[in-house]
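1. Everything below, folded, please.
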Amino acid sequence: MRATPAWSSSMTESASAASRAEAVDDGAIRVRRALISVSDKTGVADFAKSLAALGVEILSTGGTASALREAGLKVTDVSEFTGQEEILGGRVKTLHPRLHAALLARREDPDHIATLEREGIEPIDLVCVNLYPFEETVASREVSPETAVENIDIGGPTMIRAAAKNHEGVAVVVKPESYDALCAELEESGGEVSASTRHWLANEAFAQTARYDAAISRWFATSYEDFPEHLVVAYEKELDLAYGENPHQRAALYSEAGIRSHVLSRVSKLHGRALSFNNMLDLDSARRLVEDFEAPACAIVKHNNPCGVAVGDDALDAYRKALACDPMSAFCGVIAIDRPVGVKLAEALHENFVEVLIAPAYENGALEVLQQKEAIRILNEEERRQPDPDERDAKRVLGGLLIQDRDGDPEPRELMEVVTETQPSEEQWRDMLFAWTVVRHVRSNAIVIARDGATLGIGAGQMSRVDSVRLAVEKCRDARGEDAGALLAGSAVASDAFFPFADGPQAAIDAGATAVIQPGGSKRDAEVIEACDAAGVAMVFTKHRHFRH
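-> Numbers count the residues shown, from 1 in each chain. As a prediction, this is how the structure comes out:
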């Protein structure tokens with residue numbers, strides 16, 4: 001869903017950008033000579049043909065020159081332009097005073113023009129360059145340091161920066177996505193590029209070299225330490241959002257450059273309004289939660305907390321069980337389902353107000369049912385790549401970032417310890433492990449009461465852990481009415497951190513819980529174990545907490 005607007009439309013849509021462009025507007029320039037040297041050759045032959053049709057002389061290097069000649073174009077080698085053959089196995093081919101004089105000479109400076117004439121140098125009016133694929137190269141874990149270093153481009157960034165610095169007289173293109181818009185402007189103007197376009201292209205060029213240097217710096221830094229002294233990261237805008245946390249706040253989604261996947265990678269919007277900032281937070285939480293389950297699963301998220309989670313025999317069963325946990329809070333919720341949505345599930349979803357629905361597919365007839373409501377945002381996700389295991393978690397603070405390792409996967413049962421006299425049954429183990437998986441995604445202090453693969457009550461964000469237990473019990477009673485007692489009897493309760501006192505688990509036990517799962521580690525663990533033993537309740541220590549602030 002990446003937002004990749006052409007620079008031409010971006011300039012007209014942004015009044016502030018237009019005003020900046022006017023400030024540097026020195027009129028259009030005619031393109032007579034272009035240098036093309038690209039690693040990514042997507043669309044470059046057609047771009048060069050458009051330039052040649054306007055009478056533009058084409059300079060090029062190496063593989064790009066060969067590709068253009070194969071396309072039937074007349075090309076002048078850069079070595080002919082500079083009078084210097086490539087040396088050092090191609091490491092030095094564009095690093096030459098004649099070429100950079102042709103790029104950096106200011107057209108309105110008589111001394112610069114006189115120097116070009118004295119040296120017999122023809123100015124270059126357009127540079128089309130993209131860089132060695134460093135990010136793609138180091139994305140492979142098997143890449144050798146030697147291969148990585150050889151994919152650090154030197155001449156390319158130098159030409160890009162030179163042309164961008166001198167954008168008053170030179171146009172610089174660094175993305176194949178810009179070719180069509182630039183060609184359209186050149187054809188319409190008879191071979192001229194406006195000042196506003198050159199200014200915008202220079203902006204793109206400097207952003208591209210900054211991203212490139214950030215990737216190189218990050219690769220070098222992480223070779224030495226996990227948390228380097230300098231953390232240089234580049235981000236790319238994926239999507240303009242409808243608004244921020246509140247309607248008066250502007251917002252956009254950015255993804256980290258070079259990251260394997262992100263919250264909207266390989267996601268398409270099939271229906272509904274534009275996504276908002278809060279939609280994105282809830283969507284991220286819902287997707288991460290269902291990804292922790294292999295069975296058909298459904299997560300309903302509201303204000304970045306799950307209000308219902310379940311696994312079931314199929315997607316419809318999982319949804320009904322998740323909704324039953326807290327149907328009032330589920331109103332206007334964000335729902336993630338890890339199986340295709342069929343017609344019956346679509347009809348069940350249509351009965352409620354859903355802000356965002358994301359699923360891997362929609363069967364015949366399901367979309368038609370869901371699209372009856374204009375507001376629902378329907379997303380189809382086809383992302384099958386696993387997130388980068390080395391990706392860090394970041395939270396913004398005043399003037400900086402807090403960076404930490406990701407929380408990781410739920411602990412396996414083999415690492416857990418039964419600390420009570422009562423041993424849990426296999427059914428209790430299933431309920432505890434399900435609750436433990438969910439509680440990791442709930443805001444601290446977090447409590448989840450669960451049974452039969454579904455949440456019964458969730459207590460989130462309370463300053464007191466015992467209040468979170470009470471809230472979870474109340475949620476169940478509010479939603480289930482007279483059935484709550486029977487459901488809570490035999491339930492399992494999970495806590496994201498240790499119980500500091502016995503009153504927390506005791507409140508759950510009084511409501512009917514017969515199994516408790518928590519990290520342990522409190523000074524009063526013995527009191528908590530004693531309370532469970534007195535009630536004949538099984539308790540497991542996971543030995544890891546999962547705060548989520």
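
2. how about Arg218, what does it touch?
-> Counting by CB atoms under 8 Å, 6 or more residues apart in numbering, Arg218 makes contact with 231-233. Bear in mind the C-beta positions are built from the backbone N, C-alpha and C, glycine included.

3. Now do the SS call for it.
-> Under the three-state scheme (DSSP: H, G, I helix; E, B strand; the rest coil), the conformation of Arg218 reads as helix.

4. Where do the helices of the stretch 401-549 of the chain begin and end?
-> Listed from the start of the chain, the stretch 401-549 of the chain has helices (DSSP state H, counting those that start in this stretch) covering 426-439, 465-480, 484-488, 503-511, 525-535.

5. just how off-centre is the shortest one within its chain?
-> Using CA atoms, centre = their mean, to the nearest Å, the distance from the centre of helix 484-488 to the centre of the chain it belongs to is 41 Å.

6. next one: the last one
-> For helix 525-535, the distance from its own C-alpha centre to the chain's C-alpha centre is 44 Å (CA atoms, centre = their mean).

7. Name all residues that make contact with Ser60.
-> With contact taken as CB under 8 Å, 6+ apart, Ser60 is in contact with 35-37, 68, 75-78.

8. Show only the entries of those found in strands.
-> 35-37, 76-77 (DSSP state E).

9. How about Leu379: what's its closest non-neighbour residue?
-> If you skip the residues right next to it in sequence, Leu379 has Ile358 as its closest partner in space, 4.2 Å away by CB to CB, 6 or more residues apart in numbering.

10. Next up, the contacts around that neighbour.
-> 267, 283, 286-287, 334-337, 379-381.

11. between these, which is nearest Ala324?
-> Of all the contacts of Ile358, the one sitting nearest Ala324 is Ile335; the distance, using CB to CB, is 13.8 Å.

12. any idea how far the closest one is from Ile376?
-> Using CB to CB, to the nearest Å, one obtains 10 Å as the distance from Ile335 to Ile376.

13. neighbour count winner among those two?
-> Just comparing Ile335 and Ile376: by other CB atoms under 10 Å the higher neighbour count belongs to Ile335, 27 against 20.

14. So that one belongs to a strand, correct?
-> Yes - using three-state DSSP, the secondary structure at Ile335 is a strand.

15. Quickly note the distance from it to Asp111.
-> Distance of Ile335 to Asp111, computed by CB to CB: 67 Å.

16. Same question for Leu487.
-> Leu487 sits at a distance of 86 Å from Asp111 (criterion: CB to CB).

17. higher neighbour count, those two?
-> Comparing Leu487 with Asp111 by other CB under 10 Å, the one with more neighbours is Leu487, at 20 against 8.

18. Quick check, that one in contact with Ala454.
-> No - the pair Leu487 / Ala454 is not scored as a contact, 9.4 Å apart, by CB atoms under 8 Å.

19. what's Lys373 in contact with, if anything?
-> The contact partners of Lys373, taken as CB under 8 Å, 6+ apart, are 350, 353-354.

20. Buried among the residues you listed? Need that as a selection in PyMOL.
-> Provided next is the PyMOL selection string for whichever of those are buried by 16 or more other CB atoms under 10 Å:
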select buried, resi 350+354
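
21. Please identify the helix or strand for Val232.
-> Element membership of Val232 [criterion: DSSP states H and E] is none; it lies in no helix or strand.

22. tell me the contacts of it?
-> When contacts are taken as CB under 8 Å, 6+ apart, Val232 is in contact with 213-214, 217-218, 221.

23. Need the buried ones from the residues you listed selected in ChimeraX.
-> Those of the contacts of Val232 that count as buried under 16+ other CB under 10 Å are selected in ChimeraX with:
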select :214,217,218,221
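
24. re earlier: between the ones in strands among the contacts of Ser60, which is closest to Asp390?
-> Using CB to CB, Ser37 is the member of the ones in strands among the contacts of Ser60 that lies nearest Asp390, at 33.0 Å.

25. Per-residue pLDDT of the closest residue to that closest one other than its chain neighbours, please?
-> Sequence neighbours aside, Thr61 is the residue nearest to Ser37 in space, at 4.6 Å (criterion: CB to CB, 6+ apart). Turning to Thr61, the model gives it a pLDDT of 87.

26. One more: Val143?
-> Looking at Val143, its pLDDT reads 83.

27. Please, which helix or strand holds it?
-> Per DSSP H and E, there is no helix or strand for Val143.

28. Find the nearest non-adjacent residue to it, please.
-> Beyond its immediate neighbours in the sequence, the residue positioned closest to Val143 (CB to CB, 6+ apart) is Thr137, lying 5.7 Å away.

29. doesn't Glu146 make contact with that neighbour?
-> No - Thr137 is beyond contact range of Glu146, at 11.1 Å (criterion: CB under 8 Å).

30. related to what we said a few turns ago, give the intersection of the neighbour lists for Ile335 and Ile376.
-> The overlap between the contact sets of Ile335 and Ile376 (CB under 8 Å, 6+ apart) consists of 354, 356-357.

31. Between those residues, which sits nearest Val193?
-> Of all the shared contacts of Ile335 and Ile376, the one with the least separation from Val193 (CB to CB) is Val356, at 41.7 Å.

32. Could you measure from the closest one over to Ile337?
-> For Val356, the distance to Ile337 (CB to CB) stands at 11 Å.

33. So for stretch 454-472, mean pLDDT?
-> Stretch 454-472 shows an average pLDDT of 96 in the prediction.

34. Now do it: distance from first to last residue.
-> By CA to CA, to the nearest Å, the extent of stretch 454-472 from end to end equals 13 Å.

35. Equivalent analysis for stretch 337-344, please.
-> Between the start and the finish of stretch 337-344 there is a gap of 14 Å, counting by CA to CA.

36. Could I get the buried residue list for that stretch?
-> Within stretch 337-344, the residues that count as buried by 16+ other CB under 10 Å are 337-339, 341-343.

37. Also stretch 162-180?
-> Of the residues in stretch 162-180, those buried under the neighbour-count criterion (16+ other CB under 10 Å) are 162-164, 166-176, 178-179.

38. From the opening residue of that stretch to its closing one, how far?
-> Looking at stretch 162-180, the gap from its leading to its trailing residue is 23 Å under the measure CA to CA.

39. for the contacts of Val232, which one is nearest Glu527?
-> When these are ranked by distance to Glu527 (CB to CB), Ala221 comes first, at 47.0 Å.

40. Show the contacting residues for the closest one.
-> By CB under 8 Å, 6+ apart, the neighbours of Ala221 are 228-232.
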